[in-house]
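A.B. asks: Below are the sequence and a predicted model for it; my questions follow.
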Amino acid sequence: MGFIEKYRNIVSKNKSHVCVGLDSDFDKLPQTVRQFPDPQGLFNNLIIEATRDYVSAYKINIAFYECRGAVGWMSLEATMKGIPEDIPVIIDAKRGDIGNTSKKYAQAIYEQLGADAVTLNPYMGIDAVQPFLEYDGKCAFILCHTTNPSSAEFQHAMVKEDDSAAVQPLFELVARRAAEWNKTGCCGLVVGANFPEEISRIIKIAPELPLLIPGIGAQKGSVRDVVTNLRDTDFMINSSRNIIFAGEGEDFQQEAASQAVALRDIINDLLERA
């Protein structure tokens, strides 16, 4: 089953466009899990158990595991094993390197971890992306317009594809390129919720590509501003800290579930009104 089909099936089953980010900063884990041998893996699996009926995907930022060395990788593997097979997993790694290196990155993420998708940096062009597109059924989410304050430094730079082309912002060129790459393998786009106008422009350029949308909550993105553009689009709105760290005590699972349900219901209500 390909990524898009898997995603659409879980959206239909769970009635959700929520992607939970398992960005489990070890220093922020509740005390109730710290006494166990693998606090990070246990915490993630308890969050998964609490939210799996309310989500459309899980996104795992690999930095929170790589920084812990071998034990972090073990926690990452334990987390992967705890995610139900019918829920897509996106590894947020933002990889992007020359072809032979990207091939090994793809092997680690798709073969070793068994992820369904990955985030990629397109700065080096198709050479860095192609090895990921060669995996049937997987999806490469290309960084298009990110959430960070300095994103415009490069992403709004005005560029031309060639001498005869019109000038356009770099993020629009990235969207066009990703739409082309999608013909040889599944591509999606990462677009920040705190840039709703740019999301609208990106959808017009590449309406067939799925969107991974971070930036809700801590990064000030508005669900209402985003969802109005997304009715006929495959999309998932990611929330990390606002869900997984919603509670600090023994009830952290219930708090996480409540936040996931609340976000799911807000999105669904807005889609019905759109």
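C.D. replies: Thanks, I have the structure now.
A.B. asks: longest single helix anywhere in the protein?
C.D. replies: Scanning the chain for the longest helix, with DSSP state H as the assignment, gives helix 252-273.
A.B. asks: For that one, the averaged confidence score.
C.D. replies: What helix 252-273 shows for mean pLDDT is 96.
A.B. asks: Give me the helices and strands touching it, please.
C.D. replies: When contacts are defined as 3 or more C-beta pairs under 8 Å, 6 or more residues apart in numbering; DSSP states H and E, helix 252-273 sits against strand 18-21, helix 39-51, helix 223-227, strand 235-239, helix 241-244. Where C-beta positions appear, they are placed from N, C-alpha and C, glycine not excepted.
A.B. asks: residues in contact with that helix?
C.D. replies: By C-beta atoms under 8 Å, 6 or more residues apart in numbering, the residues outside helix 252-273 that reach it are 14-18, 20, 30, 32, 46-47, 49-51, 54-55, 216, 223-224, 227-228, 230-231, 237, 239, 242-247.
A.B. asks: Those residues, buried ones only, as a ChimeraX selection?
C.D. replies: This is how ChimeraX selects the buried members of the contacts of helix 252-273, with burial counted by 16 or more other C-beta atoms under 10 Å:
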select :14,16,17,18,20,30,32,46,47,50,51,54,55,216,223,227,228,230,237,239,242,243,244,245,246,247
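A.B. asks: picking that back up, right, and the helices and strands packed on helix 252-273 - which one's nearest Phe141?
C.D. replies: strand 235-239 (9.9 Å; C-beta to C-beta).
A.B. asks: Show me what that closest one is in contact with.
C.D. replies: By C-beta under 8 Å, 6+ apart, strand 235-239 touches 7, 17-21, 56-57, 59, 193, 210-217, 223, 226-227, 259-260, 263, 267.
A.B. asks: try stretch 55-73
C.D. replies: By C-beta under 8 Å, 6+ apart, the residues outside stretch 55-73 that reach it are 7, 10-11, 14, 16-26, 38, 40, 48, 75-76, 79-80, 83, 87-93, 115, 212, 214, 236, 238, 240, 260, 264.
A.B. asks: picking that back up, the helices and strands packed on helix 252-273: lowest mean pLDDT?
C.D. replies: It's helix 223-227: among the helices and strands packed on helix 252-273, that one has the lowest mean pLDDT, namely a mean of 88.
A.B. asks: That one packs against which elements?
C.D. replies: helix 196-205, strand 235-239, helix 252-273.
A.B. asks: Let's have those in CSV, adding distance to Leu133.
C.D. replies: Shown next, in CSV, are the helices and strands packed on helix 223-227 (distance: least, C-beta to C-beta, whole Å):
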stretch, distance to Leu133
helix 196-205, 19
strand 235-239, 20
helix 252-273, 29
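A.B. asks: Deepest in the core, which of those is it.
C.D. replies: Scoring those by mean neighbour count under mean count of other C-beta atoms under 10 Å gives strand 235-239 as the most buried, with a mean of 27.
A.B. asks: Direction included, what does that strand pair up with?
C.D. replies: Sheet pairing of strand 235-239 (DSSP bridges) gives strand 18-21 (parallel), strand 211-213 (parallel).
A.B. asks: State the mean pLDDT of the shortest one.
C.D. replies: Averaged across strand 211-213, pLDDT comes to 97.
A.B. asks: contacts for it?
C.D. replies: 19, 59, 90, 119, 141, 188-193, 199, 202-203, 221, 226, 230, 233-238.
A.B. asks: for the longest one, same thing?
C.D. replies: The contact list for strand 18-21 (C-beta under 8 Å, 6+ apart) reads 47, 51, 54-61, 90, 92, 212, 214, 236-241, 243-244, 256, 260, 263-264, 267.
A.B. asks: again, 7 Å this time
C.D. replies: Applying C-beta atoms under 7 Å, 6 or more residues apart in numbering, the contact partners of strand 18-21 are 51, 54-59, 61, 212, 236-240, 243-244, 260, 263-264, 267.
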